[in-house]
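Participant: Give me a model of this one.
(one chain, ligands or ions: 2)
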Amino acid sequence: MAGVHADRASRGKEVLGVGDVARSLTRIAYEIVERNGGSDNLVIAGIPTRGATLARRLVNRIREVSGTYAELAIIDTTMYRDDLASQPLRAPKETLVPRTGINGKTVVLVDDVLYTGRTIKAALDALTRIGRPAAVQLAVLVDRGHRELPIRPDYVGKNLPTSRDEIVTILLDETDGRDGVLLGKGL
Ligand SMILES: O=P(O)(O)OC[C@H]1O[C@H](OP(=O)(O)OP(=O)(O)O)[C@H](O)[C@@H]1O
Ligand SMILES: O=c1cc[nH]c(=O)[nH]1
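Facilitator: Ligands and ions are numbered 1, 2, ... in the order given. Below is the predicted model:
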């Protein structure tokens, strides 16, 4: 783990441990399968960085709990952000579109933290450029509140009441060497 994320992590207190993260993902996997009657026509679409990691894990978890396969997508929101004009130098991130596209499918957007909702709005705009899903749902590991747009998650690992000056930091083994959710004061 490096840079801002490591700095944030060093200031945070753990509010979810490795077992809590695993249990949350398993529960969300069950809920997705139950709500959609299986995983036919289902695309699990992660938002980089850590939403993409969670989406990969959810595809595996769905296979484990249901024996069925959902497709994986990765949706880069960089060019669709409403702060693009003030921060034009952000590097693009990973993108992955299923071979058969997303038209007529149910897309479950996956992110690690839901805060203002602006990232999800950007992801919805990005999806519109890729195709026309039958429905879009939203799964997040942590909902910390403070929405600035009318966006509501369908699947939540943990509702975590926060104040605006706090920061939620998600650690995942693949990027950070361990799983956990930390709550701390802003930088
Ligand atoms: O609801 P919002 O106010 O949009 O905030 C939530 C977003 O903020 C973080 O992403 P960040 O931009 O830090 O990128 P990262 O995931 O690559 O670290 C987080 O991973 C969410 O995607
Ligand atoms: O606290 C926050 C807010 C937005 N995104 C995060 O990852 N953490």
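Participant: Name the residues linked to the residue nearest in space to the middle of the chain by a beta bridge.
Facilitator: Computing the C-alpha centroid of the chain and ranking residues by Cα atoms, centre = their mean puts D111 first, at 1.0 Å. Beta-bridge partners recorded for D111 (DSSP bridges): V140.
Participant: For it, which residues are in contact?
Facilitator: Shown in contact with D111 (Cβ atoms under 8 Å, 6 or more residues apart in numbering): G46, I47, R50, G51, L54, T119, I120, A123, L138, A139, V140, L141. Quick note: C-beta positions are derived from backbone N, CA and C, even for glycine.
Participant: Same check on H5?
Facilitator: By Cβ under 8 Å, 6+ apart, the neighbours of H5 are T169, D176.
Participant: tell me which element it is part of?
Facilitator: helix 3-11 (DSSP states H and E).
Participant: List the buried residues of that helix.
Facilitator: Along helix 3-11, these residues count as buried under the neighbour rule (16 or more other Cβ atoms under 10 Å): H5, R8, A9.
Participant: which one of those is nearest Y69?
Facilitator: Each of those was scored against Y69 by Cβ to Cβ, and H5 proved nearest at 31.5 Å.
Participant: if we can go back for a sec, rounded mean pLDDT for the helix holding H5, please.
Facilitator: Averaging pLDDT along helix 3-11 gives 74.
Participant: what's around the closest residue in space to A29 that isn't next to it in sequence, how many residues?
Facilitator: Spatial nearest neighbour of A29, excluding adjacent residues (Cβ to Cβ, 6 or more residues apart in numbering): R61 at 3.8 Å. Neighbour count of R61, defined by other Cβ atoms under 10 Å: 22.
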